[in-house]
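In: sequence and predicted model, in that order:
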Amino acid sequence: MSLRDGTLHRQGADAGDSYQVIRFTSYEVRPDLSPALAEARQPKRKPKELSFDQLRKRIDAGGPQVLAARAEFHRRLCAPLAPLLFTLFALPFSILSQRSGRGGGFIAGLLIYLAYYFLTSFAETLTTDAALSPLLTFWGLHLLLLAAGLHLLQRSARERPSRLMEKLDGMIVRLRSLRRRDAHP
């Protein structure tokens, strides 16, 4: 940067140092931009884009992104439990003789998946924004879903469908009857 016809005011580092006024006709300023350029070359990546090692380093380093990194780390650790949970919920729904037919099973599966997705998103929000422990949010959620799935499986094994399964089946039957009525005026 090139400056023309100006003054430069300097005061020494210690309070007892003198104050200087320097007048110039031409002055070249060369700021050190290497730290800013190095930071610009390495863009800030979201926690979902990081590997496990990078997530652990970000968690250990602290800073403003530590909560989001912790949430992503525990979300990834819990993700392999999802197929087990879906199986625990699918078995009771498949054993139940449904009046809703094959399409009802698809709708039930879709509702189970959507509920799981919304609950894990809510757990991530609680961990990131409310600073709750991932043990409470992610692991507690999965433990609760595991208990609910085991309960439904046990009731199905005794051929006692739960109220939730009966209500869901009834809703699907009603939706299908509405669709048939609208299709055939």
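Out: Yep, that arrived. Numbers count the residues shown, from 1 in each chain.
In: switch to C-alpha atoms for all contacts and neighbour counts from now on
Out: Will do.
In: next, residue 11: phi, psi?
Out: phi -120, psi 140 (degrees, to the nearest 10).
In: any idea how far the nearest residue in space to it that is not next to it in sequence lies from residue 12?
Out: Nearest residue to residue 11, sequence neighbours excluded (Cα to Cα, 6 or more residues apart in numbering): residue 19, at 4.5 Å. Per Cα to Cα, to the nearest Å, residue 19 is found 7 Å from residue 12.
In: rounded mean pLDDT for the longest helix along the chain, please.
Out: Taking DSSP state H as the criterion, the chain has its longest helix at helix 101-128. Helix 101-128 carries an average pLDDT of 81.
In: so what does it touch, helix or strand wise?
Out: helix 66-78, helix 82-95, helix 140-157, helix 163-183 (3 or more Cα pairs under 8 Å, 6 or more residues apart in numbering; DSSP states H and E).
In: point out the most buried one among these.
Out: Ranked by mean neighbour count, the helices and strands packed on helix 101-128 are led by helix 66-78 with a mean of 20 (mean count of other Cα atoms under 10 Å).
In: if you average pLDDT over that one, what comes out?
Out: pLDDT averaged over helix 66-78 gives 87.
In: that one - contacts with which helices or strands?
Out: helix 52-61, helix 101-128, helix 134.
In: list the buried residues for the longest one?
Out: Right, helix 101-128. Burial within helix 101-128, assessed by neighbour count using 16 or more other Cα atoms under 10 Å, is assigned to 104-105, 108-109, 116, 119-120, 123-128.
In: just give me the closest of those to residue 64.
Out: Proximity of these to residue 64 (Cα to Cα) peaks at residue 128, which lies at 10.4 Å.
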